[in-house]
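Participant: could you work out the structure for the sequence below:
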Amino acid sequence: MFRILHQIFRTGIVTEPLAPGEEARVTLTGRRLEEAILRRFRQSLTIRLVDAGSCNACELEIQAVNNPFYDAERFGIHFTASPRFADMLLVTGPVARNMEVALKRTYDAISEPKLVVAIGDCAYDAGAFGPGYATRRSVADVVPVDAFIHGCPPAPSAILAGILKAVGREG
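Facilitator: As a prediction, the model looks like this:
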């Protein structure tokens with residue numbers, strides 16, 4: 001145990017902080033997002049993530065939104081495993097046929113007002129996978145989508161901006 005702690009102290013921080021421009025962009029978007037969340041939900045925003053058949057690149061960027069550099073929780077964003085506690089559904093991937101029913105059930109389990117954000121080019125138009133027998137063309141073909149976040153994969157700052165776009169809509 002002491003050997004491991006000594007190694008940690010000797011190594012120090014090995015990750016690099018965000019570039020100043022990126023940090024300013026994330027902070028500005030985050031503050032606007034926090035205001036929109038408080039206005040619409042009067043508390044924090046709870047998100048349920050569904051991977052509907054993606055290559056997992058978008059999931060890595062979503063996890064980056066939660067890391068200490070982007071730290072989405074400081075803006076009132078929390079992730080949950082239960083759709084019953086969620087306010088928003090994040091969907092990645094071109095919706096594989098075997099995930100279609102699960103995605104619909106997850107959407108139905110979220111209470112009103114619910115928001116859906118489709119992340120990545122695959123969620124928009126099947127992206128690199130292309131439409132085929134095993135996938136739907138878009139998440140919007142399965143559930144109503146409030147905002148699309150384009151990119152393959154989109155950057156964490158773009159994900160925060162897309163969530164802001166969906167939350168900022170009055171509905």
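
Participant: pretty sure residue 86 contacts residue 46?
Facilitator: Yes - using Cβ atoms under 8 Å, residue 86 makes contact with residue 46 at a distance of 5.1 Å. C-beta: built from backbone N, CA, C; applies to glycine.

Participant: tell me, what's touching those two both at once?
Facilitator: Jointly contacting residue 86 and residue 46 under the rule Cβ atoms under 8 Å, 6 or more residues apart in numbering are residue 80.

Participant: which one's more surrounded, these two?
Facilitator: A direct count of neighbours by other Cβ atoms under 10 Å for residue 86 and residue 46 places residue 86 higher, at 23 against 18.

Participant: the closest residue to the more buried one other than its chain neighbours: what's it in contact with?
Facilitator: Closest residue to residue 86 apart from its sequence neighbours, by Cβ to Cβ, 6 or more residues apart in numbering: residue 48 at 3.8 Å. Residue 48 makes contact with 79-83, 85-86, 88-90, 106, 110 under the criterion Cβ under 8 Å, 6+ apart.

Participant: tell me where this structure has strands.
Facilitator: 45-51, 77-79, 88-92, 115-119, 147-149 (DSSP state E).

Participant: who does the second one pair up with?
Facilitator: Yep, that's strand 77-79 we're talking about. Paired strands of strand 77-79, with direction, are strand 45-51 (parallel) (DSSP bridges).

Participant: repeat that for the last one.
Facilitator: Partner strands and pairing direction for strand 147-149 (DSSP bridges) are strand 115-119 (parallel).
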